[in-house]
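> sequence and computational prediction follow.
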Amino acid sequence: MNTEFEFAIKSIPFDENYHPSDSTRITTNFANLARGENRQENLSNALRMINNRFNALAHWDNPKGERYAIELEIISVEMTVEATGAADSFPAIEILKTNILDKKTDRCIEGIVGNNFSSYLRDYDFSVVLPDHNKGQSGFSVPANFGDLHGKLFKYFVDSGAYKQHFKKLPVICLSVSDNKIYHRTGNQHPVLGFEYEANESSLTERYFKKMGLAVRYFMPPNSVAPLAFYFFGDLLNDYTDLELISTISTMETFQKIYRPEIYNANAAAGKCYQPNLQNPDHSVTRIVYDRKERSELAVAQGKFAEERFIKPYRDLLEQWSASCSL
């Protein structure tokens, strides 16, 4: 039996009027910012931070620092398992797309797709499979084939007609560095990405994303205080324009200042040898309310949802497909 997956791509603007939908996943981090009394203030402040950072980095031909504005889209990817004939779709992936408005030329420039990344299946792997595997064990270990299915499905999506129809370039995902690794600054410096760092060892996240086909490089952009992890296909430094890279830096650095201020809003910049510290007291907080506890709880809930709605009903079929998939 040939198993095929069909993808439907939906887009929702992430702006001051954004409201999380109850019927779709809508990336938890964004939904977290867009609820409660401070909903509109949170969104307005986050978008202002993104625009200010973009203009600071794209400073050429921009004397007043107000030439550009970023417009964001939340991209939701729903997947249907074709072989079963089932009509139900599964909310597979959510990513973020940047668009750059050049107010001087009144032109909209397509940015990068990817940026933030979340998926129910990744929540299942990290919040259900991994804890269950280590329950009762004296030490930490990773189960065999951990992340294989997720990685193959992601590569299948990026290679799909649906992806190619909607997006011109391959995705770049930008995440926080790991607080249990040490990073060393190299002699490589890019005009936009900044100083490159190298990790002393690979992290579980890095190995997980490698199964998705993504390599990683760490850069600390100009006037940043900590490196960011850039996951990409191909050649990060040459496949994307400066404005495209700046759109990702300004967007994801802003979110990391909100999510992890101890690292990305620290009052001292990373040195030549750097270990991130989530207990760092010497940092500033933004005016934007973000509930870390809710994020952790929802990761578990969404992982269990993936188990009930996707893994259990299609387990045999998914195992057969994964075993035969050469991606």
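Nice, I can see it. Numbers count the residues shown, from 1 in each chain.

> where's the residue positioned nearest the centre of the chain relative to residue 136, distance?
Most central residue of the chain, judged by C-alpha distance to the mean C-alpha position with C-alpha atoms, centre = their mean, is residue 116 at 2.3 Å. Between residue 116 and residue 136 the distance is 34 Å, computed by C-beta to C-beta, to the nearest Å. All C-beta spots, glycine's among them, are computed from the backbone N, C-alpha and C.

> and the nearest residue to residue 237 once chain neighbours are set aside, what does it touch?
For residue 237, the nearest residue in space outside its immediate sequence neighbours is residue 190; the separation is 6.1 Å by C-beta to C-beta, 6 or more residues apart in numbering. Applying C-beta atoms under 8 Å, 6 or more residues apart in numbering, we find residue 190 in contact with 196, 219, 237.

> not counting sequence-adjacent ones, nearest residue to the second one?
In space, residue 219 comes closest to residue 193 once its chain neighbours are excluded; the distance is 3.9 Å by C-beta to C-beta, 6+ apart.

> now swap in the first one and tell me
For residue 196, the nearest residue in space outside its immediate sequence neighbours is residue 188; the separation is 4.1 Å by C-beta to C-beta, 6+ apart.

> same question for the helix or strand encompassing the one you found: list its buried residues.
Of the helices and strands defined by DSSP states H and E, residue 188 is found in strand 183-190. Within strand 183-190, the residues scored as buried using 16 or more other C-beta atoms under 10 Å are 183, 185, 190.

> quick one on the thing from earlier: for the residue nearest to residue 237, list each beta-bridge partner.
For residue 190, the beta-bridge assignment (DSSP bridges) gives partners residue 194.

> and of the contacts of residue 190, the nearest to residue 5?
Nearest to residue 5 out of the contacts of residue 190 is residue 237 (C-beta to C-beta; 32.2 Å).

> rewinding a little: could I get the pLDDT score of the residue nearest to residue 237?
In the predicted model, residue 190 carries a pLDDT score of 97.

> would you mind measuring from it to residue 320?
Taking C-beta to C-beta, one finds residue 190 at 44 Å from residue 320.

> repeat for residue 72
Distance, residue 72 to residue 320, using C-beta to C-beta: 38 Å.

> same check on residue 226?
Using C-beta to C-beta, one obtains 43 Å as the distance from residue 226 to residue 320.

> run through the bridge partners of residue 114.
With DSSP bridges applied, the residues forming beta bridges to residue 114 are residue 96, residue 172.

> residues in contact with it?
With contacts defined as C-beta under 8 Å, 6+ apart, residue 114 is in contact with 95-96, 171-174, 231, 248.

> re the thing from before, looking at residue 226 and residue 320, which is more packed in?
residue 226 (25 against 14; other C-beta atoms under 10 Å).

> wait, that one sits on residue 274?
Yes - here residue 226 lies in contact with residue 274, judged by C-beta atoms under 8 Å, at a distance of 7.1 Å.

> about what we covered before: and of the buried residues of strand 183-190, the nearest to residue 212?
When the buried residues of strand 183-190 are compared for distance to residue 212 (C-beta to C-beta), residue 183 wins out at 21.8 Å.

> look up how far residue 44 lies from the closest one.
Computed as C-beta to C-beta, the residue 183 to residue 44 distance reads 33 Å.

> now residue 257
Remark: distance between residue 257 and residue 44 (C-beta to C-beta) = 15 Å.

> among the two, which residue is more densely surrounded?
Neighbours around residue 257 and residue 44, counted as other C-beta under 10 Å, are more numerous at residue 257. The numbers are 24 against 14.

> ok, the residue nearest to residue 220 when sequence neighbours are not counted - contacts?
Ranked by C-beta to C-beta, 6+ apart and with sequence neighbours excluded, the top spatial neighbour of residue 220 is residue 227, at 4.1 Å. With contact taken as C-beta under 8 Å, 6+ apart, residue 227 is in contact with 177, 183, 195, 197, 218-220, 270, 274.

> alright, I will stop here.
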